[in-house]
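Asks: prediction below, plus the sequence it came from.
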Amino acid sequence: MKQPDPARAREERSRGVSRRGALRAFGAIGAAGLAACSGGAGGASNSTSGGSSQTPESNAALGSLTLSAGTLSPTFASEVTSYGANFANVTSEITIVATADAAGASLAVNGAPAASGAGATVALVVGANVVTIVVTAADGVTTRTYTVVITRASSTCTIVPSETQGPYPLLTVLADPAIVRSDITAGKAGVPMTLVLSLVDVNSGCAPIAGAAVYIWHCDKDGAYSGYSSGQNGSHAGETFLRGVQVTNQAGQVQFTTIYPGWYTGRITHVHFQVYLQNNTGTTAQATSQIAFPQGITQEVYASSLYAARGQNTSVTSFATDNVFQDGVDFQLATVTGSVAAGFTAALTVGVAV
């Protein structure tokens with residue numbers, strides 16, 4: 001038998017040690033490489049000091065919204081942002097409890113910070129009270145605004161003054177089902193405005209009037225009405241922008257999404273409306289009137305870039321010189337809140353004899 005060569009055995013043992021060392025080195029390098037790929041120690045990571053970085057929460061919804069008395073109309077749903085409520089004259093204040101849907105969100109009620117789930121007390125004037133709840137998400141950027149129009153009844157309510165329907169009523173649209181809509185902008189540019197009307201029965205203790213159809217119409221930012229063509233009005237035959245019908249809910253309210261009206265020669269800023277009881281637009285309107293707007297708000301709107309082409313109304317500069325409102329606007333002047341940048345909410349309580 002051939003005897004082992006001691007020199008060759010030593011050489012093979014040496015090569016074995018080298019291979020095992022190389023494998024151990026490769027294993028260390030491989031582990032580090034895998035850690036780098038997986039964002040572990042020594043590799044690229046989304047972590048920041050104190051833990052991994054997370055995109056700030058962008059949930060700006062409310063989880064609940066309740067009143068200390070009465071009920072919201074419609075019933076609260078987080079995706080619905082506009083509500084109404086009615087109270088008797090004896091109710092001089094109401095507490096609103098708003099709860100954010102996300103732990104990191106913050107709240108403001110009528111511009112004042114409010115703790116989520118804690119009550120914010122709001123004093124009520126007679127008529128429409130517009131309450132805004134702004135939810136700001138944890139990211140500090142994303143917001144959502146909820147609006148509650150709370151109507152406090154007067155001890156006695158007054159029939160809204162009757163006014164002319166004017167030269168542009170386009171009553172033929174009342175036979176068109178498509179005119180029943182809450183958003184009446186139809187692509188018209190202007191400062192956004194939400195218009196809320198609350199109907200009350202002067203013959204029944206100012207109780208809300210449910211199920212009545214309300215038709216509104218007004219001119220665009222340049223003073224033109226849809227549906228008519230003339231030298232003063234321009235060519236708008238066949239169009240229906242800034243016209244719409246809504247039916248009052250159980251709180252007696254309707255809401256329209258529109259723009260702040262412009263003006264035309266001879267009239268101050270206004271919105272026309274008619275009320276048809278029992279949602280019967282085929283009969284004579286129970287009430288025909290017009291809504292006036294605070295002059296300070298109107299001047300602010302007309303100074304904005306969207307209304308710059310016409311600017312301020314130089315033809316009629318006060319209610320006293322307007323041929324419709326010269327006898328006063330006590331029961332026709334809308335309560336307006338908001339801003340040019342964020343848009344406005346205009347609210348009016350309308351007394352009707354049922």
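Replies: Perfect, thanks for sending it.

Asks: what about stretch 207-225, start to end distance?
Replies: Length of stretch 207-225, first residue to last, Cα to Cα, to the nearest Å: 34 Å.

Asks: name the residues of that stretch that come out as buried.
Replies: Residues 207-210, 212-221, 223-225 are the ones in stretch 207-225 that count as buried (16 or more other Cβ atoms under 10 Å). All C-beta atoms are positioned from the backbone trio N, CA, C, and that covers glycine.

Asks: now do stretch 60-78
Replies: In stretch 60-78, counting by 16+ other Cβ under 10 Å, buried: 60-63, 65, 67, 72-73, 76.

Asks: if we can go back for a sec, quick one: which of the buried residues of stretch 207-225 sit in strands?
Replies: 207-208, 213-217 (DSSP state E).

Asks: domain ranges for the protein?
Replies: Here the domain assignment for the chain is 62-152, 171-352, based on automatic domain parsing.

Asks: which one of those has the lowest average pLDDT?
Replies: The weakest mean pLDDT among the domains of the chain belongs to domain 62-152, with a mean of 93.

Asks: rewinding a little: make CSV out of the ones in strands among the buried residues of stretch 207-225 and add distance to Asn233.
Replies: Formatted as CSV, these follow (distance: Cβ to Cβ, whole Å):
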residue, distance to Asn233
Ala207, 40
Pro208, 36
Ala213, 26
Val214, 24
Tyr215, 19
Ile216, 18
Trp217, 13
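
Asks: quick one: which of these is nearest Phe256?
Replies: Nearest to Phe256 among those: Ile216, at 6.0 Å, using Cβ to Cβ.

Asks: show me the beta-bridge partners of the closest one.
Replies: Beta bridges link Ile216 to Gly244, Phe273 when assigned by DSSP bridges.

Asks: settle this for me: it is touching Leu195, isn't it.
Replies: Yes: taking contacts as Cβ atoms under 8 Å, Ile216 lies within contact range of Leu195: 6.9 Å.

Asks: sec struct for the closest residue to Val109 other than its chain neighbours, please.
Replies: Nearest residue to Val109, sequence neighbours excluded (Cβ to Cβ, 6 or more residues apart in numbering): Ala120, at 4.0 Å. Three-state call for Ala120 (DSSP: H, G, I helix; E, B strand; the rest coil): strand.

Asks: residues touching Ala120, list them.
Replies: Residues near Ala120 by Cβ atoms under 8 Å, 6 or more residues apart in numbering: 95-98, 109-110, 112, 114.

Asks: now these: which count as buried?
Replies: Here, 16+ other Cβ under 10 Å leaves 96-98, 109, 114 buried among the contacts of Ala120.

Asks: list just the nearest of those to Gln312.
Replies: In terms of Cβ to Cβ, no member of these lies closer to Gln312 than Val109, at 33.9 Å.

Asks: next, the contact list for the closest one, please.
Replies: Here Val109 is in contact with 96, 98, 120, 122, 131-133 (Cβ under 8 Å, 6+ apart).

Asks: now it. Its backbone dihedrals?
Replies: The phi and psi values for Val109, taken as degrees, to the nearest 10, are phi -110, psi 120.

Asks: any idea how far it is from Val131?
Replies: Distance from Val109 to Val131, counting by Cβ to Cβ, to the nearest Å: 7 Å.

Asks: where do the contact lists of the two overlap?
Replies: Taking Cβ under 8 Å, 6+ apart as the criterion, Val109 and Val131 both touch 96, 122.

Asks: partner residues bridging the nearest residue to Ala112 once chain neighbours are set aside?
Replies: Closest residue to Ala112 apart from its sequence neighbours, by Cβ to Cβ, 6+ apart: Ala120 at 7.3 Å. Counting by DSSP bridges, Ala120 is bridged to Ile96.

Asks: can I get the domains of the chain in JSON lines with distance to Gln165?
Replies: Putting the domains of the chain into JSON lines (distance: least, Cβ to Cβ, whole Å) gives the following:
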{"stretch": "domain 62-152", "distance to Gln165": "24"}
{"stretch": "domain 171-352", "distance to Gln165": "5"}
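
Asks: closest one to Thr158 among these?
Replies: It's domain 171-352; of the domains of the chain, that one is closest to Thr158 (Cβ to Cβ) at 5.1 Å.

Asks: how much space between Leu277 and Trp217?
Replies: From Leu277 over to Trp217 the distance is 19 Å, taken as Cβ to Cβ.

Asks: whoops, I mixed them up, Thr142
Replies: Remark: distance between Thr142 and Trp217 (Cβ to Cβ) = 35 Å.

Asks: what of Phe325?
Replies: When Phe325 is compared with Trp217 (using Cβ to Cβ), they lie 17 Å apart.

Asks: swap in Val109?
Replies: 34 Å.

Asks: please enumerate the helices of the chain.
Replies: For the chain, the helices defined by DSSP state H occupy 6-37, 295-302.

Asks: quick one: the contacts of Val109 as CSV, columns for distance to Tyr146 too.
Replies: What follows is the contacts of Val109, written out as CSV (distance: Cβ to Cβ, whole Å):
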residue, distance to Tyr146
Ile96, 10
Ala98, 7
Ala120, 12
Val122, 13
Val131, 9
Thr132, 7
Ile133, 4
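
Asks: wait, doesn't Leu124 sit right on Ile94?
Replies: Yes: using Cβ under 8 Å, Leu124 is in contact with Ile94, at 6.1 Å.

Asks: what's the overlap in contacts for these two?
Replies: Contact criterion Cβ under 8 Å, 6+ apart; residues shared by Leu124 and Ile94: 87, 150.

Asks: higher neighbour count, those two?
Replies: Ile94 (22 against 17; other Cβ atoms under 10 Å).
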